[in-house]
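Peer 1: 3D, please:
(chains A, B, C and D)
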There are 2 protein chains.
Amino acid sequence: MSSATNYQADVLKSIAQATRLKIIDFLRNGERCVCEIFPAIDEEQSNTSRHLAYMQTHGILSRRKDGVKIYYAVKHPEVFEIIDRATTIAKRESEARIGLFSGAERR
Amino acid sequence: MSSATNYQADVLKSIAQATRLKIIDFLRNGERCVCEIFPAIDEEQSNTSRHLAYMQTHGILSRRKDGVKIYYAVKHPEVFEIIDRATTIAKRESEARIGLFSGAERR
DNA sequence: AGCATATATGATTATACATTCATATAATAA
DNA sequence: TTATTATATGAATGTATAATCATATATGCT
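Peer 2: Below is the predicted model:
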């Protein structure tokens, strides 16, 4: 199998998960420490830590240590562009689905 | 949980998989039938059919029937933009990793 | 009607993933 | 040194996912 395709899939898999999307969204305003992230997204510290580690390992997040605290940030602006486009698709699709119902008056 | 986040995740999950990426890439030049797709990406007919159905259900692909043949196409141009950005990230990361090794002469 | 081709699907298996709880480790403060 | 706070991780569990084989269904052809 094309390993280029596998790398692409790995990058996208690092984003394509609800908890990770919440984390990334919270990081839109820049670097935050774990202690700020997990209460903000309402997930367990443990689970949050695992997702952060996953994304860092896969090159999506950067990691900076300052004393006891670990600060994570989104490393590539393209990550936000990807999410914005996914949002566009999701919106367009959900509108299309609504249209199927209310669309009795089909032009 | 925010269901908006779950929809975004669903859209991205429909793309974030090696076999599906191969399919989408093959569909860059437009609509193709199943009988063209599975030999092109070198996967079983059965497995290809499942992934096509998955992506169609999740609003990523359109589906058109013509006789015995079923033609699939990528429905939203944003899908390609997402993949292109994932490719950019994957490339940048793999270059950074190479740099870690060869980078003895660090400027 | 019978046959060939295209696509889909049930059942199964193996693997990966997300989450939780409890606990380990590291840094700092008292 | 002990206590406290921040983060990570082992073990366990449940659930989802991908792939395969065999077979069903649908269409069109002879």
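Peer 1: all helices for chain A, in order.
Peer 2: A:3-13, A:18-26, A:34-41, A:45-57, A:78-102 (DSSP state H).
Peer 1: including distance to B:R32, could the ones you listed go into TSV?
Peer 2: Just so you know, the C-beta spots here come from the backbone N, C-alpha and C atoms, and that holds for glycine as well. Putting the helices of chain A into TSV (distance: least, Cβ to Cβ, whole Å) gives the following:
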stretch	distance to B:R32
helix A:3-13	18
helix A:18-26	31
helix A:34-41	40
helix A:45-57	34
helix A:78-102	21
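Peer 1: tell me which residues touch the residue nearest to the spatial centre of chain A, please.
Peer 2: Taking Cα atoms, centre = their mean as the criterion, A:L21 is the residue nearest the geometric centre of chain A, at 2.7 Å. Contacts for A:L21 (Cβ atoms under 8 Å, 6 or more residues apart in numbering or on different chains) come out as A:15, A:83, B:5, B:8-9, B:12.
Peer 1: now with 6 Å?
Peer 2: B:5, B:8-9 (Cβ atoms under 6 Å, 6 or more residues apart in numbering or on different chains).
Peer 1: what does A:N6 give?
Peer 2: B:A18.
Peer 1: circling back: closest to A:T87 out of the contacts of A:L21?
Peer 2: B:Q8 (5.7 Å; Cβ to Cβ).
Peer 1: circling back to that earlier point, out of the contacts of A:L21, give me the one that has the most neighbours.
Peer 2: Using other Cβ atoms under 10 Å in any protein chain shown as the neighbour criterion, B:Q8 leads the contacts of A:L21 with 26 neighbours.
Peer 1: need the contact list for that residue.
Peer 2: So B:Q8 contacts A:21, A:86-87, A:90 (Cβ under 6 Å, 6+ apart).
Peer 1: closest to A:R64 out of those?
Peer 2: A:L21 (22.0 Å).
Peer 1: coming back round to it: any chance of CSV for the contacts of A:L21, columns distance to A:C35 and pLDDT?
Peer 2: Shown next, in CSV, are the contacts of A:L21 (distance: Cβ to Cβ, whole Å; pLDDT from 0 to 100):
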residue, distance to A:C35, pLDDT
B:T5, 22, 93
B:Q8, 26, 97
B:A9, 25, 98
